[in-house]
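Novice: take a look and give me a structure for this.
(one chain, ligands or ions: 1)
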Amino acid sequence: MYQINENYQKLPGSYLFSTIAKKVNAFTQANPDKNIIRLGIGDVTQPIAPAIIEALHKAVDEMADPATFHGYAPDLGYDFLRNAIVKNDYQARGCAIEADEIFVSDGAKSDSGNIQELFGPDIRIAVCDPVYPVYVDSNVMAGRTGTYNPDTQMWSNVIYMPCTRENNFVPEFPKETPDVIYLCLPNNPTGTTITKAQLQEWVDYANKEGALIIYDGAYEAYISEADVAHTIYECEGAQTCAIEIKSFSKNAGFTGVRLGYTVVPKDLKCNGVSLHDMWARRHGTKFNGAPYIVQRAGEAVYSEAGKAQLKEQVAYYMKNASVIKTGLKEAGFEVFGGVNAPYIWLKTPEQMTSWDFFDYLLENANVVGTPGSGFGPSGEGYFRLTAFGTYENSVAALERIKAL
Ligand code: PLP
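Specialist: Numbering: from 1, shown residues only. Model prediction:
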C-alpha cells in the first residue's frame, strides 16, 4: 500500500485565488447584470509587445524547417538568452555575474517553489509577512515548517518578519537567526520596497550569520526610485550569500508565455559545497529546458525595440497605479505602494477584516481586489489592488470606490 506525502494534508484551506474566484462566480450568478472590474489577481492585461511577437513568429517558422528546427533546449538555457540577460540585467549595472551563473526556467513560480529542494530538512526559513505565498507553502510540502496554528495563521517553524505601516514595510532582523531568508522586493503584495542601503544590511547580516537569501525580483522593472537596487548583486558580498529569481511575466507580459531565470553564483558555497553545482544537477534531472521559441522571445525583450516597447508597457501600468493610489487617497483611504511596484496596498477602513472589505467592495462597487490576510497574518486589515488592469477599468473602479 502506498503512502502519501502527509505534509500536503497540513496545508490550510484552498489557494487564495481559487477562493476569490468562487466568491466572484457566486456573486456573478446572483447578479448577472453587474459589470465586475477585476483588480485582484496579479495577471497582466496588455498584449505581448510587437518586437517580441516578431521574434516569436520567426522562431516558429524556424521550427518548420529541418535546417533550423530545434529539439530539446540545453537544460540551463540557450547561450543567446543567458548572454543577453547577463549583459543587460547585470553587467550594465556593474555586477560581475557570468552567463553560466544564469539558469533559464519556465518562470519564477517554479524556481521559487523548487529552490527549497537544495536545503536540509531541518533548516529554518524566514519570510516577510505578508508575502507571495509560494515560499511558505513549498516548505510546508517539504515538511520543514512545523505545525500550523489556525488562530495565528502561523507555522511553528517559520520565522515571520512583519512588514506593516508601523515599520514602514521594512523587514527587521528577526530575534532568532534564520538559515534561509526569502526577500521579495519590490514586495508582492504591499507594493513597497527597501533602499539599496537597507538591502546591503541584509546582505551583511546573511554573510555574518551564514544564512542564505532567496531574492525574488519579479517586480524589478517597476522600480522608479534611484536609491532602490535593481538586483541584489548591486550589494557588496551578495555573491556569497544570495540566489536571485527573476521572471519575464511582469516586465514583458509573459504570464501565459512562461519564462524566468535564477542566478546561482559560483561563489555561493555551503560548507564548501557549491549550490551552483547542486542547482545545475537538479535542473539537469528535473527540467528539460524552456522552449526555443520562448527563449527567442526572451532575447527580444533585450532588443532596442523590445526595451522601448516594454518601457511604455510598464509606464502604462504605473499610470494605472497612480490613478488608483490618488483616487483611494481622495476617498480617504490610507494607501501604500504603487511607486516601485504595480500593487497598491490599502488599510481597510473602520477596522474591517480583509475578507469583510473584499465582500463589501464586491457587493457595493463590483470591484474585485485581494484580501491582505491571504498573504500572511500581518496582511490582516489590509487589501491589495493591482495596476495590471486596463486604464479605463482602473479609472472606472476608482470612480465607483469614491462614490461609496
Ligand atoms: N514571484 C512573485 C513575487 C510573484 O508575485 C509572482 C507572480 O505573481 C511570481 C513570482 C510568479 O512569476 P512567474 O509568472 O514567472 O511564475
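
Novice: how about the residues of the chain near the ligand?
Specialist: 42, 107-109, 112, 132, 184, 188, 216, 218, 247, 249, 255, 260 (C-beta under 6 Å from any ligand atom). Yep, even glycine has a C-beta here, placed from its N, CA and C like the rest.

Novice: now for those residues, which pair is the farthest apart?
Specialist: By the measure C-beta to C-beta, Cys184 and Thr255 form the most distant pair in the residues of the chain next to the ligand, at 17.0 Å.

Novice: which one of these two is surrounded by more residues?
Specialist: Cys184 (27 against 17; other C-beta atoms under 10 Å).

Novice: look up phi and psi at the more buried one.
Specialist: Per-residue torsions, Cys184: phi -110, psi 100 (degrees, to the nearest 10).

Novice: tell me which residues touch it, please.
Specialist: The contact partners of Cys184, taken as C-beta atoms under 8 Å, 6 or more residues apart in numbering, are 128, 131-132, 135, 216, 218.

Novice: tell me the one of those nearest Leu118?
Specialist: Using C-beta to C-beta, the shortest approach to Leu118 within those belongs to Tyr135, at 13.8 Å.

Novice: nearest residue to the closest one other than its sequence neighbours?
Specialist: Excluding the flanking residues, the one nearest Tyr135 by C-beta to C-beta, 6 or more residues apart in numbering is Tyr182, at 4.3 Å.

Novice: tell me which stretches of the chain form helices.
Specialist: Applying DSSP state H to the chain gives helices spanning 7-10, 16-30, 50-63, 79-85, 108-114, 134-141, 196-209, 249-252, 275-286, 292-301, 304-330, 354-365, 391-402.

Novice: want to throw those helices into CSV with mean pLDDT and mean neighbour count?
Specialist: Below are the helices of the chain laid out as CSV (pLDDT from 0 to 100; neighbours: other C-beta atoms under 10 Å):
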stretch, mean pLDDT, mean neighbour count
helix 7-10, 96, 12
helix 16-30, 92, 14
helix 50-63, 98, 16
helix 79-85, 98, 20
helix 108-114, 98, 21
helix 134-141, 97, 20
helix 196-209, 98, 17
helix 249-252, 98, 23
helix 275-286, 97, 16
helix 292-301, 98, 23
helix 304-330, 98, 17
helix 354-365, 97, 18
helix 391-402, 97, 18
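
Novice: for Ala242, which of the ones you listed is the nearest?
Specialist: Nearest to Ala242 among those is helix 196-209; the distance by C-beta to C-beta comes to 6.7 Å.
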